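# Here's a sequence, model it:
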Amino acid sequence: MTPPLPEAARGPAGRPLAAAAGATAAPRLHARVRGRGAPAEAARGRRGRAPLRPPSATGTCEARSVRPKQGWREARGRGGGAHGGLGGRRGPAPRRGVGVPRGRLRSGLRGVPGAAGGSAGAGSARGGLWPRLRSKSETGSVGKGKRAAPPRRGERGAPLRPGVPQTRAAGATTERPRRSCGCRRAEVPSDVIAAVTALGGPGVLAVRGCRQTAAGLEVQLRRCEAFRRLLGHPPGPGPAPLPGPEAAVVLHCPALRCPGSVRPRHLRPVLLADHLAQLLRAQGVSTFLVPAVTDKRSREVLQQLRVEWPSSSTPGPETVSALKQALSRCPYATHCERGSGVASQPEDIICKVHLKSFVEQQGLEGYDPNLGVLLVTEEKLRSLAELQQAVLQGTAGCQESCCSVVHVVSCEEEFQQQQMDLLWRILDPGAHMDLQKHLVCGPVKVTKPVSPISADQYFQLRKRQMYDASVMKYGELAQDEAWTEVIDILTVAAIRFEMLSTAHRSQITLDLEDSSISTKGTKSGAFVMYNCARLATLFDTYQRAVERGTYPPLPPASELNFSCLREEGEWLLLFSYLLPFPEVLQQAAQLPPPSKGLRITANTEAVCKFLIQLSMDFSSYYNRVHILGEPFPHLFDQMFARLRLLGAVRDMFHSALATLHLPPLSQI
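Predicted coordinates:
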């Protein structure tokens, strides 16, 4: 039998004064307190349902769920206040007519252990007057009409003896009991902990200590020392490139061979190949771009988009002749005779090659099963000769490594490129043939196009939209002649981020409406360029203040006090951006070999996403923290440390934008 409550916890007629334990933390639970004299209606639940727990002689807590199908919610009454039990937070009041009137609760709780508040009240669901109600995840799904079993004695959250108040030391913290998974807690070996603690070097943050937790090993860093190591010394060389089989890469973009004007669907593989070439060169890999652009209109479009592409690369006639001789000896090639029904074929057809027979005989995987017969022309042989010449240039400087070929194609051109791939394998069975890779770009769809739009029209449309958005934001300043180059750069940034911030396998939808371009969007290239210009304006303002004598010059890094960097935004810029930035560039340039077939995937969107997220976090920090404060000597230490941090962020912006051929803006 449950022992009676203390006298201080009783009201008139011997009724208990404690409210339900679950009244505070579980809004779906309604608690009632009943005594001996409770009417029959109080013994029934809402809407006539039977109570979930029977009343006792001394008065208990009835916790009833409004929606029994969802199972029990854990009653975590930390009590207290006027209606919350025996200490802690305030909960909902008992219903009128049941239990104790509101005005008598607080006075009646005096003298009861835990009634003064805190987290150790006797009415706590982790061990109070009533057993707590276990959650659905612990007891399983509790359906309508079912009851959850109370916790057993000795279980966490259950009282040692039912009805006996349990108290905890003031300030003690408790955790929700975890569900046992039936496995032992993994422990990190002591030698591993010692090795992590002893880590050191120019690229390793200072470790304060390690602590083993249930989730794993918790490593604590010295923040001041971390700032000093990354900002106190000039940046050294980045991480060494990961070992790979190639020392040179040929990036082939067949979209530039298409007759007619360049369209937006052609721009995507071209911009991706240009960005990938910059990333590879930053990692020390020799890169060659194929084919050369000879069309004047195409060259102008690429120059407007700041794409650096070769314009002249004519293969020698001897290379084409060698391919023709190899074709005449090929067992898969047959002479193409003209007859009835062949009048529509091109005039320069040399022969036809049976590609499917070659694929089946060689056991090649990943090719389209619809590949059949290919009609070989002079133009196709010149394309192969240009590719072969680029491979020879790549292998000329490296004797031990091979030169890989990456075909950056759109999904519409993948079938034609597979035909050229097989033709090249048949005519030149060299070692580099096994290093051919296909980087396929998803489709580019234009919403509500009035007519097919060319790449030049697409650029002019975005430029006009960017100009209108700039005039709306900056007024007459944007109509100055000096803004012409700024708007051009903002237009290029908008187009590049529109094409490259999505994974290359996914589809891109271009919205050509006037409202699709804005200078306020947080995920656009204009937003990134705007934040880069804010940094340039900040340092220009500081430099002019130094010239006027308002601020002293920035001292050397060895004299800075980095312990002044206490904002969480400052640690975020260091730990989430400055530290992993070299690795982001390295991973974006990775071209892993295909596990099966021809296609490869690359993280070509990593740099754009990195810049967008960096701009958002930097903008939040810059709007919240005042960098250039009042010219008082006691504020200079913090200002100098922040300027050093933001100087490193500015250099990171410039390095990332250089991979996109975007020059940083000095002001907007």
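# okay, CA-based contacts and neighbour counts for the rest of this
Will do.
# tell me the mean pLDDT over the helix or strand that residue 545 is a member of?
Here residue 545, judged by DSSP states H and E, is contained in helix 525-548. Helix 525-548 carries an average pLDDT of 94.
# following it, which helix or strand shows up next?
helix 568-573.
# for the next helix or strand after that following helix, packing partners?
Sequence order places helix 581-588 as the next helix or strand after helix 568-573, per DSSP H and E. Packed against helix 581-588, as judged by 3 or more Cα pairs under 8 Å, 6 or more residues apart in numbering; DSSP states H and E, are the following elements: helix 264-282, helix 606-624.
# contacting residues around the last one?
Around helix 606-624, the neighbours that count as contacts under Cα atoms under 8 Å, 6 or more residues apart in numbering are 497, 500-501, 522-525, 527-528, 531, 569-570, 573, 577, 584-585, 588, 653, 656.
# Any of the residues you listed buried? List them.
Among those, those buried by neighbour count (16 or more other Cα atoms under 10 Å) are 497, 500-501, 523-525, 527-528, 531, 569-570, 573, 577, 584-585, 588, 653, 656.
# so which strand or helix has residue 487?
Short version, using DSSP H and E: residue 487 is in helix 483-500.
# And for residue 472?
helix 455-474.
# so what secondary structure elements neighbour that helix?
Against helix 455-474 (3+ Cα pairs under 8 Å, 6+ apart) you get helix 264-282, helix 483-500.
# tilt between it and helix 525-548?
Angle of helix 455-474 versus helix 525-548, following axes from the mean of the first three to the mean of the last three Cα atoms, to 10 degrees, is 50 degrees.
# Any buried residues in helix 455-474, and which?
455-456, 459, 461-470.
# do the same with stretch 286-298
286-293, 298.
# sorry, back to before: let's have the helices and strands packed on helix 455-474 in TSV, adding mean pLDDT and distance to residue 426.
Output for these, formatted as TSV (pLDDT from 0 to 100; distance: least, Cα to Cα, whole Å):
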stretch	mean pLDDT	distance to residue 426
helix 264-282	94	26
helix 483-500	92	34
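# Please name every helix or strand in contact with the helix or strand encompassing residue 318.
Counting by DSSP H and E, the element that carries residue 318 is helix 317-328. In terms of contacts (3+ Cα pairs under 8 Å, 6+ apart), helix 317-328 is packed against helix 378-396, helix 414-427.
# Could you pull out the buried residues of stretch 351-360?
351-356, 358-359.
# Out of those, list just those in strands.
The strands in this structure, assigned by DSSP state E, contain 351-354 from the buried residues of stretch 351-360.
# Not counting its own residues, what contacts the helix holding residue 318?
333, 381-382, 385, 427-428.
# so for that helix, what's the average pLDDT?
87.
# what comes up buried for that helix?
Buried, per 16+ other Cα under 10 Å, within helix 317-328: 319-320, 323-324, 327.
# Just say helix, strand or coil for the nearest residue to residue 219 once chain neighbours are set aside.
Closest residue to residue 219 in three dimensions, ignoring its sequence neighbours and counting by Cα to Cα, 6 or more residues apart in numbering: residue 210, at 4.6 Å. Put simply, residue 210 is strand when judged by DSSP: H, G, I helix; E, B strand; the rest coil.
# Residue 210 against residue 222, yeah?
No - at 11.8 Å, residue 210 does not count as touching residue 222 under the criterion of Cα atoms under 8 Å.
# The two - which one has more neighbours?
residue 210 (15 against 12; other Cα atoms under 10 Å).
# closest to residue 256 among the contacts of helix 317-328?
Closest approach to residue 256 among the contacts of helix 317-328 (Cα to Cα): residue 382, at 14.3 Å.
# Can you name the secondary structure element that comes next after the helix holding residue 487?
Downstream of helix 483-500 (by DSSP H and E), the next one is strand 508-510.
# list the helices and strands that following strand packs on?
strand 444-446.
# what about residue 611, how many neighbours?
24.
# that older thread, could you tell me the least trusted of the helices and strands packed on helix 317-328?
helix 378-396 (a mean of 88).
# Contacts for that one, please.
Outside helix 378-396, the residues that reach it (Cα under 8 Å, 6+ apart) are 248-250, 252, 286-288, 290-291, 313-315, 319-320, 323-324, 348-350, 401-405, 420, 424.
# quick revisit: send me the helix holding residue 545 as CSV with only the CA atoms.
Taking C-alpha atoms only, helix 525-548 is exported to CSV below (Å, rounded to 0.1, in the frame of the first residue of the first chain):
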residue,chain,number,x,y,z
GLY,A,525,26.1,34.9,-58.5
ALA,A,526,25.2,38.5,-57.9
PHE,A,527,24.9,37.9,-54.2
VAL,A,528,28.4,36.3,-54.1
MET,A,529,29.9,39.2,-56.0
TYR,A,530,28.1,41.7,-53.8
ASN,A,531,29.7,40.2,-50.6
CYS,A,532,33.1,40.1,-52.2
ALA,A,533,32.7,43.8,-53.0
ARG,A,534,31.7,44.5,-49.4
LEU,A,535,35.1,43.1,-48.3
ALA,A,536,36.9,45.3,-50.8
THR,A,537,35.0,48.3,-49.6
LEU,A,538,35.8,47.5,-45.9
PHE,A,539,39.5,47.3,-46.5
ASP,A,540,39.4,50.4,-48.8
THR,A,541,37.7,52.3,-46.0
TYR,A,542,40.2,51.2,-43.4
GLN,A,543,43.2,52.1,-45.7
ARG,A,544,41.8,55.6,-46.2
ALA,A,545,41.3,56.0,-42.4
VAL,A,546,44.9,54.9,-41.9
GLU,A,547,46.1,57.6,-44.3
ARG,A,548,44.1,60.2,-42.4
